[in-house]
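Chemist: mind folding the following:
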Amino acid sequence: MNKQDDRATITKLQAQLNAQQKTINALMNAAEECTSVGPLLSQNLNLERVVQQKTATLQQQGEELKKALHDLQLTQTRLLQAQKLESVGQLAAGIAHEINTPAQFIGTNITFLEESFVDIKRLIDTFQKVLQTIAQGSAITETGREAEKLLEELDWNYLENEIPAAIQQSKEGIKRVTTIVQAMKEFSHPGRKEKAFYDLNKILETTITVASNEWKYCAEIVTHFDANLPKVFCLADEIGQVFLNILVNASHAIASKSPNSSEKGKITISTRHNQEHVEICIEDTGIGIPENIRARVFDPFFTTKSVGKGTGQGLAISHDVIENKHKGILGLTSETGKGTVFTIQLPIQEE
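Modeler: Next up is the predicted model:
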C-alpha cells in the first residue's frame, strides 16, 4: 500500500471517528436534557395540579358568594316587605277609625233620608187627594186644610235644606272612604320588582292619606309640590315606604314635644326639580334629634323610642333604599327643641 492510499484510509477513518464522536455528543446532550427535563416536567405537572385545585376552590367560593349575595338580596326584600306589613299593621287601627267616621254619618244620613221619605210620601199622598178632589169638581176646603196641616207638621222648610245637605255630606263621606281605601290599596300593593317612571307628588299624597291618623291629631300638613315635577325612575312601593317612615317619625317627634298640649305642630312637605335630580324635603317642628346621636339614626336597630314603639329599622331601610337602590342622597339637619328636616335627592333617570 503506497503512501497515497494510506492518507486516504486515514482520512476516511478520521471522518468515521468524527461522525461517531458527533453521535456520542448528541446522545450525551440528549441524556443530559432528559436528566434536566425530568424534574422540570414533574414540577410542571405538580404545578398544573395545584392550579386545577385552586381553580376548583375559587369556582366553589364564587358559587358560594353568588348564593350568599342572592340570599342577602332575598333577605333585604323580605325585611322591606316585613317592615311594610308592620307599618300597615300599625296604621290599621287609625285607618279603620278614618273609615268609621264617614261611614257613621253616612249611615245616620241614610236613616234621616229614609224617615224623610216616609213623611214626604204622606204629604204627596195628601196632595194627590187634593188633585183628585179638584178633578172631581168637589169642594177642596177640608182636603186643603189637611194638606196645609201636614205640611206644617213635617216642617218642609227644614227638610228642604237638610235633605240636600245630607245627600252632599254622604257623597263627601263616600269620597273620603274611597280615597282612603284606594290609598291603602296603592300603598300595600306588592308593586313591580323593576323600576319604572312614577309621579312622586302622587306617592306623597297617597302616603299622607294612609298616615293621616298618625299626624291629624298632633300636626297640620302643609304641602308645596312642584306642579311640573318630572316623573322619576324608581321602585314606587319602596319610595312610598321611605316617605311613610319619615312622615310617621315626624308625627311622633311633634307628639313627643308637647304630649299634653292641644296646640298642633306643623309638617311641611315640598318637592322641586333640580337639574338631573328631584328633591323632597320633609320638615317638622318636633322635638329634634340630639347632636350626640344624629350620626347613628341610620344605623340598623338604633331607636330612641320605647320598647314596642319602634324596631330601629325604618330609617336604616330608608337609607338603603335611597342611597344603595336608587343612587340618591338621604340627609338630615336637626336642632334640638325646634325640629328636623329630612332631605331626599333622587336622580330622575338611573345613573
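Chemist: just the strands in the stretch 101-250 of the chain please.
Modeler: With strands called from DSSP state E, counting those that start in this stretch, the stretch 101-250 of the chain shows them at 196-198, 219-224, 232-234.
Chemist: and for stretch 317-334, what's in contact with it?
Modeler: For stretch 317-334, contacts defined as CB atoms under 8 Å, 6 or more residues apart in numbering pick out 76, 79-80, 83, 234-235, 238-239, 241-242, 245-246, 277, 288-289, 294, 297-298, 340-347, 350-351. Yep, even glycine has a C-beta here, placed from its N, CA and C like the rest.
Chemist: ok, 6 Å please
Modeler: 80, 83, 234, 238, 242, 245, 288-289, 298, 340-346, 351 (CB atoms under 6 Å, 6 or more residues apart in numbering).
Chemist: need the strands of the stretch 101-250 of the chain in CSV with mean neighbour count, can you?
Modeler: Formatted as CSV, the strands of the stretch 101-250 of the chain follow (neighbours: other CB atoms under 10 Å):
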stretch, mean neighbour count
strand 196-198, 14
strand 219-224, 14
strand 232-234, 22
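Chemist: who does residue 272 bridge with?
Modeler: Per DSSP bridges, the residues bridged to residue 272 are residue 279.
Chemist: can you get me a residue count around it?
Modeler: Residue 272: 14 surrounding residues under other CB atoms under 10 Å.
Chemist: that older thread, which of the contacts of stretch 317-334 fall in strands?
Modeler: 234, 340, 341, 342, 343, 344, 345, 346 (DSSP state E).
Chemist: is the first one in a bridge, and if so with what?
Modeler: In this structure, residue 234 has beta-bridge partners residue 196, where bridges are defined by DSSP bridges.
Chemist: return the distance of it relative to residue 194.
Modeler: The gap separating residue 234 from residue 194 is 11 Å, by CB to CB, to the nearest Å.
Chemist: who are the contact partners of residue 209?
Modeler: residue 183.
Chemist: per-domain residue ranges of the protein.
Modeler: 82-189, 192-351 (automatic domain parsing).
Chemist: ok, back up a step: pick out the most distant pair among the ones in strands among the contacts of stretch 317-334.
Modeler: Using CB to CB, the two most remote members of the ones in strands among the contacts of stretch 317-334 are 234 and 340, lying 23.5 Å apart.
Chemist: sorry, back to before: just the buried ones from the contacts of stretch 317-334, in ChimeraX syntax?
Modeler: Applying 16 or more other CB atoms under 10 Å to those leaves a buried subset, and the ChimeraX line that selects it is:
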select :80,83,234,238,242,245,288,289,298,340,342,344,345,346
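Chemist: returning to that earlier point: would you convert the strands of the stretch 101-250 of the chain into a markdown table that also reports distance to residue 179 and mean pLDDT?
Modeler: Below are the strands of the stretch 101-250 of the chain laid out as a markdown table (distance: least, CB to CB, whole Å; pLDDT from 0 to 100):
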| stretch | distance to residue 179 | mean pLDDT |
| --- | --- | --- |
| strand 196-198 | 19 | 92 |
| strand 219-224 | 15 | 95 |
| strand 232-234 | 23 | 94 |
